[in-house]
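In: Compute the structure for the input listed below.
(4 chains)
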2 protein chains.
Amino acid sequence: MSSSPTTPESRPAARRRSAKAASAKAPRPALPEAGVPKPPSSRAERTLERRQAIIDAAMDEFIARGYAATRLDDVARRAGVAKGTIYLHFKDKEALFQELIRTALVPLIGRLAAPPPSGGSVRAALEGFAETFAREVVSTRRGDIVRLIVAEGARFPAIADFYYREVVSRGLAGMRALIELGISSGEIRQQGLAQFPQIVVAPALIAVIWQGLFGRHAPLDAIEMFRVHLDLIFGERRTK
Amino acid sequence: MSSSPTTPESRPAARRRSAKAASAKAPRPALPEAGVPKPPSSRAERTLERRQAIIDAAMDEFIARGYAATRLDDVARRAGVAKGTIYLHFKDKEALFQELIRTALVPLIGRLAAPPPSGGSVRAALEGFAETFAREVVSTRRGDIVRLIVAEGARFPAIADFYYREVVSRGLAGMRALIELGISSGEIRQQGLAQFPQIVVAPALIAVIWQGLFGRHAPLDAIEMFRVHLDLIFGERRTK
DNA sequence: TGACAATGACTGACCGGTCAGTCATTATTG
DNA sequence: CAATAATGACTGACCGGTCAGTCATTGTCA
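Out: Residues are numbered from 1 along each chain as shown, chains lettered A, B, ... in the order given. Okay, the predicted model is just below:
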C-alpha cells in the first residue's frame, strides 16, 4: 500500500472512475429485490456505505499528500461522490481527518488488547507480536496510518491525545505486563526494561518509519532485525 | 524550542516587529566604522545576514506548521523582510525548504563524523553519544528538524535521499564500526547487532518523536531510558 | 572631496489559480 | 408526493509568485 508521490506541487491528476457507475447507470433491475449485484437495498445501508467510501478515499489522499495538501475535491472524486456529500457526513475537513484516524485505529487497538500471554513463553509471545507486526503493519496501510500520525500528530493535539490514550498507553501497558512476566519467570535479565517498554517496541516504529522514508532505496529486513533485537533481550538464539 | 501550535486552521496572527527597525531608523551612526552595535556595514554582509534571517524564520514556520501549511507571507514577516525578498534568495518555496533542511543538517553531520572512539571503552563512547543526543537533540530545535524530516520526508524524495546519504548512512556506518569494536573487544555479546545498528539508535529516535507528540502530557526520561538500553546491550550496571 | 551616476537589494501591490465550505436545485425513496 | 439524500456551480478568502518602482550604497569623475 505504501504510497509515495513525487513532490507536493506535482498534481498527478490521478482521477479514478471508481464505483460511481455501479449505482448510477444500472439498467433498471427487472425484479424488485432480486439478486441485484451491487445496490445494497436499504437506504441506511447505502448511506453507511457512502460514508465508508469517503473515509477510505480520504485515507488514501491524506496518506499520500498529508493533511494540508489534501483537497476534498479529490477525496470526493475518489469516493465517487460529490463534494457536498462529504459535508453531509462530516462537519469539515478536520472532522473527517480525525474520524479517519479514529476509525483506522480501532482494529489496531483490538489487536493490542487481545493477545494475553496464555500458555507459552514470553519470548514466543514477543516473536508472535513481531511477526504479526512485520506482516500486518510495516509496509501496509496500517503502517501508513502510523506514519501519518507521527507526521501530523504534533499539529493535532486532539489526535495525539487520542492516539496516546487508545494505542500507546495501552500498548505499553500490555508490553510492560509481558516484560514483568518475563522478568519473574527468569526469561528476561534486564530489570529496568519494565520501566521502559518503549525500548522493546522501538525497532517496530523504526521499521515503519524507515520503510516510509528509505524503503525504496534501502529496504530493511524488519523480521531479521526484530529477531536480533529479541536475541538481545532474551539472550542468544533458541529457536531451531 | 519545541513548538506546538493549536490547530492548522487557527492562524494566531502572531506578527512580530523584529529586526527591521534596527537597520531602518538607526539615527545615523556618528563615527564611520566605529563600534556601532547593529548595522553590519558592507552591503554583502547585510545580504548574507538577511538570507540567514529568512532561513531562521522559515525554520520556525515550517516546524510549527509543516511544509504545505506554511505561508511565505508569514516567513517574510517573521524575518522582517518583504515577501519579494525571499525570491531574491530562493527560487521558490520548495527551494527554501530544501536549503533549510540542508543547512540545518550540516552541524549534525559534523557531530556524527567527529567522535572517533579513541581511548576509552565502547560503552563510554555510547554513553557520551547518548548524553549529547539527549541534551542537544531531543527537545531542541535539532529535534524539531528531525521530526520535520520524518513528517515531510516521504513527500520530498530529494530530502529523504539527502538525509539518508548525509546523515543516516554515515551515522549507521559509524555506529556499526563502534559495535564491531565492542564485539571484538568482548564488551558486546550480541554478534548480530553489527548487522542492525538501527537497534542501538532506535531509542534515540523514539525519544525525539515521543517528545514531539506526547512530551507535554507524558514526558519521557530519555537519559534514563538510554541508560537502561545500554545496560541491555552491555550487561548490567557499571558506572559509579 | 563633493556632486552625480550606476547599481541592485528591497518593497509591496497585484494577479491568477486554488480550494474549503455553501446552498439552490435535482434525484431518489419509502 | 413529501421527505430525505445528493449534487455541483458558486463564492470568497487565501496564497505563491511577479515586477515596476524606490532608495541606500557604491563607484566615478572633475
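
In: For A:Gly171, see how far away A:Ile223 is.
Out: As judged by C-beta to C-beta, to the nearest Å, A:Ile223 and A:Gly171 stand 20 Å apart. All C-beta spots, glycine's among them, are computed from the backbone N, C-alpha and C.

In: Mind checking which of those two has more residues around it?
Out: A:Gly171 (19 against 15; other C-beta atoms under 10 Å in any protein chain shown).

In: interface residues of chain A facing DNA strand D?
Out: Within chain A, the positions near DNA strand D by C-beta under 7 Å from any atom of the strand are A:9, A:20, A:43, A:46-47, A:50, A:81-85, A:87-88.

In: near DNA strand C too, which of these?
Out: Among the residues of chain A next to DNA strand D, the residues lying close to DNA strand C (C-beta under 7 Å from any atom of the strand) are A:43, A:46, A:83-84, A:87.

In: Present the residues you listed as JSON lines; the columns should include secondary structure, neighbour count and pLDDT.
Out: Putting these into JSON lines (DSSP: H, G, I helix; E, B strand; the rest coil; neighbours: other C-beta atoms under 10 Å in any protein chain shown; pLDDT from 0 to 100) gives the following:
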{"residue": "A:Arg43", "secondary structure": "helix", "neighbour count": "8", "pLDDT": "71"}
{"residue": "A:Arg46", "secondary structure": "helix", "neighbour count": "13", "pLDDT": "80"}
{"residue": "A:Lys83", "secondary structure": "helix", "neighbour count": "14", "pLDDT": "95"}
{"residue": "A:Gly84", "secondary structure": "helix", "neighbour count": "8", "pLDDT": "95"}
{"residue": "A:Tyr87", "secondary structure": "helix", "neighbour count": "15", "pLDDT": "97"}
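
In: Turn these into TSV, including distance to A:Thr70.
Out: Formatted as TSV, those follow (distance: C-beta to C-beta, whole Å):
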residue	distance to A:Thr70
A:Arg43	29
A:Arg46	25
A:Lys83	13
A:Gly84	17
A:Tyr87	15
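
In: And the residue most central in space within chain A, how close does it get to A:Val208?
Out: For chain A, the residue lying nearest the average C-alpha position, counting by C-alpha atoms, centre = their mean, turns out to be A:Arg142 (2.4 Å). As judged by C-beta to C-beta, A:Arg142 and A:Val208 stand 9 Å apart.

In: cool, A:Ala222 as well?
Out: Going from A:Ala222 to A:Val208 by C-beta to C-beta gives 9 Å.

In: Kindly report the same for A:Glu99.
Out: For A:Glu99 relative to A:Val208 (C-beta to C-beta), the value is 22 Å.

In: Mind checking which of these two has more residues around it?
Out: A:Val208 (25 against 17).

In: need the contact list for A:Glu61.
Out: Contact partners of A:Glu61, counting by C-beta atoms under 8 Å, 6 or more residues apart in numbering or on different chains, are A:70-71, A:74-75, A:78.

In: now A:Glu187
Out: By C-beta under 8 Å, 6+ apart, A:Glu187 lies in contact with A:121-123, A:234.

In: Need phi/psi at the closest residue to A:Leu220 other than its chain neighbours.
Out: Computed as C-beta to C-beta, 6 or more residues apart in numbering or on different chains, the closest residue to A:Leu220 that is not its neighbour in sequence is A:Trp210, at 4.8 Å. Per-residue torsions, A:Trp210: phi -60, psi -50 (degrees, to the nearest 10).

In: Which positions in the helix or strand hosting A:Ala53 come out as buried?
Out: Per DSSP states H and E, A:Ala53 falls inside helix A:43-65. For helix A:43-65, the neighbour count (16 or more other C-beta atoms under 10 Å in any protein chain shown) marks A:50-51, A:53-65 as buried.

In: again with stretch A:173-181
Out: For stretch A:173-181, by 16+ other C-beta under 10 Å, it's A:174-176, A:178-181.

In: wait, which of those residues is closest to DNA strand C?
Out: Distance to DNA strand C across the buried residues of stretch A:173-181 (C-beta to the nearest atom of the strand) is lowest for A:Gly174, with 36.6 Å.

In: Run through who's touching the helix or strand harbouring the closest one.
Out: Element membership of A:Gly174 [criterion: DSSP H and E] is helix A:169-184. Residues outside helix A:169-184 that contact it (C-beta under 8 Å, 6+ apart) are A:109, A:112-113, A:117, A:122-123, A:125-126, A:188, A:191, A:193-194, A:197-198, A:200-201, A:234, B:218.

In: Go ahead and produce CSV holding the CA coordinates of it.
Out: The C-alpha trace of helix A:169-184 is given here as CSV (Å, rounded to 0.1, in the frame of the first residue of the first chain):
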residue,chain,number,x,y,z
SER,A,169,-0.6,3.8,26.7
ARG,A,170,-2.5,0.6,26.3
GLY,A,171,0.2,-1.0,24.1
LEU,A,172,2.9,0.0,26.5
ALA,A,173,1.0,-1.3,29.5
GLY,A,174,0.5,-4.6,27.8
MET,A,175,4.1,-4.7,26.9
ARG,A,176,5.1,-3.9,30.4
ALA,A,177,3.0,-6.7,31.8
LEU,A,178,4.7,-9.1,29.4
ILE,A,179,8.1,-7.8,30.4
GLU,A,180,7.3,-8.3,34.1
LEU,A,181,6.2,-11.8,33.3
GLY,A,182,9.4,-12.4,31.6
ILE,A,183,11.4,-11.0,34.5
SER,A,184,9.7,-13.0,37.1
